[in-house]
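Student: Need coordinates for the following:
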Amino acid sequence: MAVTLDIADLRARQTLRAGHERPASTLAPVAAPAEVVNLAAAKADGLGCHSGRATMRAAAEAAGMSETLEQLRTDYPAGPHDQPQSMCPAFGSLRVGLRMRRTATILSGSACCVYGLTFTSHFYGARRSVGYVPFNSETLVTGKLFEDIREAVFQVAKPADYDAVVVINLCVPTASGVPLRLLPKAIDGVRIIGIDVPGFGVPTHAEAKDVLAGAMLKVARSEAEQGPVQAPRTGRAERPTVALLGEMFPADPVVIGGLLEPLGLSVGPVVPTREWRELYAALDCTAVAAIHPFYTASIREFAAAGRPVVGSAPVGHDGTADWLDRIGEACAVPRATVEAAKNRLLPMIRDALAANPIRGRITLSGYEGSELLVGRLLVESGADLAYVGTACPGTPYSEADQAWLEARGVTVRYRASLEDDLGAMRDARPDLAIGTTPVVQKAKALGIPALYFTNLISARPLMGVAGAGSLAKVINAALGNRGRFDAMRAFFDGVGEGHAAGIWEDVPKLRRNVASAVRAKPAPGQFEHAPIGEMA
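Tutor: As a prediction, the model looks like this:
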């Protein structure tokens with residue numbers, strides 16, 4: 001069904017349907033002729049998470065989303081694996097919005113996806129409602145969904161309650177070309193931020209955080225260029241600041257502030273921020289520390305504001321020394337001041353590492369983005385680290401960490417798949433596997449002690465002296481559990497595994513059903529119907 005969406009006509013029909021005239025103050029001014037969006041390729045009856053990446057991507061490009069998808073491909077290249085197995089990427093953007101004061105978040109996507117995302121958000125401690133604009137095949141292909149989203153935005157955007165309203169398109173609305181870019185940029189002073197975060201365009205939830213953070217920085221930078229903006233709650237810093245890029249353990253910015261103090265600097269806001277006005281303070285920095293080096297959209301906005309970006313982080317002895325050197329250069333700190341700071345700080349970090357040794361062979365993987373930093377800390381703590389896998393991409397700001405690890409015999413894999421991580425674990429035969437849930441599950445089934453990276457490793461301080469001793473206790477405790485795993489495997493030896501688990505007189509034979517049969521690859525020109533994300 002070919003449909004053309006004309007915004008001027010849309011507004012007229014919306015007013016008629018309401019039965020009364022909407023006040024002129026609530027209508028966004030039209031600065032240019034209305035953009036016409038072709039939704040001919042939507043075919044909503046056949047689109048869904050089950051449709052597969054190729055089908056969804058082709059539909060989105062046919063529906064006028066080529067520019068959006070190309071920007072996502074440029075910012076977040078897929079690498080050798082086109083979709084790492086991790087949670088729905090949109091969770092990253094949703095999490096950023098939910099953690100900000102005076103910010104409302106509205107989702108546009110399939111009901112099952114919205115349910116999963118809101119469930120996960122509240123599981124991780126969100127205490128705020130998530131808006132949802134439902135749709136069906138008819139409202140999707142006729143353009144009514146966009147009207148409904150616009151109406152919802154007008155209902156929510158109250159300046160007494162919010163500084164910004166974030167609208168997130170999930171897979172199906174993006175594939176159908178729902179044009180969030182045509183929403184008003186602001187309503188009564190409340191900013192409207194519309195972003196597309198499809199699972200077939202944004203590889204990981206860690207990078208999806210950057211999608212929203214970058215979009216917000218772009219708006220904040222434009223506002224700052226136009227004139228005075230709101231100051232931070234605590235006022236402007238007296239010293240030059242270093243903004244921090246990427247979510248991190250709450251104590252780490254405090255520790256980094258202590259490292260910057262001898263240089264005559266102070267720590268700036270952490271991006272993603274917790275409030276809109278902090279975006280201005282972040283842009284007001286002297287330099288940016290890309291703790292998470294894959295925040296490409298955010299780095300682009302800082303670069304446009306003329307702010308230098310420094311990669312890596314102050315982890316361990318070597319990492320801290322190198323980071324202080326490069327921060328000093330970026331902020332024009334006298335060399336003598338930098339050397340004095342290193343002489344004061346580095347011995348304390350060296351002593352903390354020596355006091356908390358880690359002895360054992362380890363493999364490490366995750367999808368948070370701090371995997372290489374944790375790897376550096378493990379090596380300096382004395383661990384025999386065989387492998388570091390991250391679902392995130394390599395960027396120029398992670399090259400120093402990669403080179404340091406590889407110089408010490410560690411295999412580093414960007415855009416690592418579950419198969420990569422499991423293969424490394426089988427080859428290395430570690431004393432401890434640190435990884436995602438399926439890696440941990442497989443390791444324990446093999447009798448290998450394992451720790452979940454997200455909750456048990458990344459949720460700890462990593463920087464400076466505090467980071468130097470933070471991992472040893474939990475990792476050494478896990479390494480000490482090898483005997484317990486050996487005892488359990490010996491106890492359950494002979495009971496079978498998988499289809500043959502249990503005590504049998506006649507062991508069941510594995511029967512392969514039709515659904516599990518190996519399918520041939522699609523012929524050229526046909527779309528692959530492999531599901532995306534964790535459905536894969």
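
Student: can you give me the helices in the stretch 401-536 of the chain?
Tutor: 418-428, 437-445, 464-468, 472-479, 482-491 (DSSP state H, counting those that start in this stretch).

Student: So which of these is nearest residue 378?
Tutor: Among the helices of the stretch 401-536 of the chain, the nearest to residue 378 by Cβ to Cβ is helix 472-479 (7.7 Å). Just so you know, the C-beta spots here come from the backbone N, C-alpha and C atoms, and that holds for glycine as well.

Student: per-residue confidence for the nearest residue to residue 61 once chain neighbours are set aside?
Tutor: Spatially, and ignoring its direct neighbours in sequence, residue 61 is nearest to residue 69 (6.3 Å; Cβ to Cβ, 6 or more residues apart in numbering). Note on residue 69: pLDDT of 87.

Student: Now do the contacts for the nearest residue to residue 204 once chain neighbours are set aside.
Tutor: Nearest residue to residue 204, sequence neighbours excluded (Cβ to Cβ, 6+ apart): residue 391, at 5.0 Å. Residues near residue 391 by Cβ atoms under 8 Å, 6 or more residues apart in numbering: 84, 86, 203, 204, 206, 366, 367, 415, 416.

Student: what's the most distant pair in the residues you listed?
Tutor: Across these (Cβ to Cβ), the longest gap, 14.1 Å, separates 203 and 366.

Student: Residue 393 in helix, strand or coil?
Tutor: coil (DSSP: H, G, I helix; E, B strand; the rest coil).

Student: what's around it, how many residues?
Tutor: 21 (other Cβ atoms under 10 Å).

Student: what's the distance between it and residue 269?
Tutor: Distance from residue 393 to residue 269, counting by Cβ to Cβ, to the nearest Å: 25 Å.

Student: cool, residue 222 as well?
Tutor: 18 Å.

Student: Which of these two has more residues huddled nearby?
Tutor: With neighbours defined as other Cβ under 10 Å, residue 222 and residue 269 compare such that residue 269 has more, 23 against 12.

Student: and residue 365, that's in a strand?
Tutor: Yes: under three-state DSSP, residue 365 falls within a strand.

Student: That one reaches residue 392, doesn't it?
Tutor: No: with contact defined as Cβ atoms under 8 Å, residue 365 does not count as touching residue 392 (11.2 Å).

Student: show me where the stretch 101-250 of the chain has helices.
Tutor: Under DSSP H, counting those that start in this stretch, the stretch 101-250 of the chain gives helices at 111-123, 137-142, 144-156, 171-175, 205-226.

Student: Out of the helices of the stretch 401-536 of the chain, which is closest to residue 168?
Tutor: With respect to residue 168, and counting by Cβ to Cβ, the nearest of these is helix 437-445 at 24.5 Å.

Student: and the closest one, what other elements does it pack with?
Tutor: The contact analysis (3 or more Cβ pairs under 8 Å, 6 or more residues apart in numbering; DSSP states H and E) places helix 437-445 against helix 418-428, strand 432-435, strand 450-452.

Student: Pull up the overlap in contacts between residue 365 and residue 392.
Tutor: residue 371.

Student: one step back: looking at the helices of the stretch 101-250 of the chain, which one is packed in the most?
Tutor: Across the helices of the stretch 101-250 of the chain, averaging neighbours per residue (mean count of other Cβ atoms under 10 Å) puts helix 171-175 on top, at a mean of 30.

Student: could you say what helices and strands that one packs with?
Tutor: Partner elements for helix 171-175 (3+ Cβ pairs under 8 Å, 6+ apart): helix 53-60.

Student: So for the helix it packs on, mean pLDDT?
Tutor: 80.

Student: what comes into contact with the next helix or strand after it?
Tutor: Where DSSP states H and E defines the elements, the next helix or strand beyond helix 53-60 is helix 66-75. With Cβ under 8 Å, 6+ apart as the contact definition, helix 66-75 has outside contacts at 57, 60-61, 174, 196, 201-202, 207, 210-211, 214, 296-297.

Student: Nearest residue to residue 424 in space, please, no chain neighbours.
Tutor: In space, residue 424 is closest to residue 387, 3.9 Å off (Cβ to Cβ, 6+ apart).

Student: tell me which element that neighbour falls in.
Tutor: strand 384-390.

Student: what do you get for residue 344?
Tutor: helix 335-355.

Student: Could you list the low-pLDDT ranges of the stretch 1-150 of the chain?
Tutor: 1-51, 79-85 (pLDDT under 70).

Student: go again using 80 as the cut-off
Tutor: 1-54, 56, 79-87, 123-127 (pLDDT under 80).

Student: what's the answer for the chain, then?
Tutor: 1-54, 56, 79-87, 123-127, 489-490, 492-508, 510-536.

Student: Pick out the residue nearest the middle of it.
Tutor: residue 206 (1.3 Å; Cα atoms, centre = their mean).

Student: Could you measure from the closest residue in space to that residue that isn't next to it in sequence over to residue 443?
Tutor: Spatial nearest neighbour of residue 206, chain neighbours left out: residue 369 (4.4 Å); criterion: Cβ to Cβ, 6+ apart. Separation of residue 369 from residue 443 (Cβ to Cβ): 22 Å.

Student: if you count what's nearby, which of these two comes out ahead?
Tutor: residue 369 (27 against 23).

Student: sec struct for that one, please.
Tutor: Strictly by three-state DSSP, residue 369 counts as coil.

Student: Could you double-check that residue 193 lies in contact with residue 212?
Tutor: Yes: using Cβ under 8 Å, residue 193 makes contact with residue 212 at a distance of 7.1 Å.

Student: Need the overlap of contacts for the two.
Tutor: residue 166.

Student: what about residue 72, neighbour count?
Tutor: 23.

Student: and the gap between it and residue 140?
Tutor: Residue 72 is 21 Å from residue 140, by Cβ to Cβ.

Student: can you check residue 386 too?
Tutor: Counting by Cβ to Cβ, the gap from residue 386 to residue 140 is 48 Å.

Student: same check, this time on residue 207
Tutor: Going from residue 207 to residue 140 by Cβ to Cβ gives 26 Å.

Student: can you pull the buried residues of stretch 154-163?
Tutor: Buried residues in stretch 154-163, counting neighbours by 16 or more other Cβ atoms under 10 Å, are found at 154, 156, 157, 162, 163.

Student: Keeping just the C-alphas, turn that stretch into PDB.
Tutor: Taking Å, rounded to 0.1, in the frame of the first residue of the first chain, the C-alpha atoms of stretch 154-163 are listed here in PDB:
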ATOM      1  CA  PHE A 154       2.500  17.400  22.800                       C
ATOM      2  CA  GLN A 155       0.700  15.800  25.800                       C
ATOM      3  CA  VAL A 156       3.900  15.000  27.700                       C
ATOM      4  CA  ALA A 157       6.000  18.100  26.900                       C
ATOM      5  CA  LYS A 158       5.100  20.300  29.800                       C
ATOM      6  CA  PRO A 159       7.900  22.800  30.800                       C
ATOM      7  CA  ALA A 160       7.000  22.500  34.500                       C
ATOM      8  CA  ASP A 161       7.800  18.800  34.400                       C
ATOM      9  CA  TYR A 162      10.500  18.300  31.700                       C
ATOM     10  CA  ASP A 163      13.500  19.800  30.000                       C
END
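
Student: Could you tell me how far it lies from the centre of the chain?
Tutor: Per Cα atoms, centre = their mean, to the nearest Å, the displacement of stretch 154-163 from the mean C-alpha position of its chain is 27 Å.
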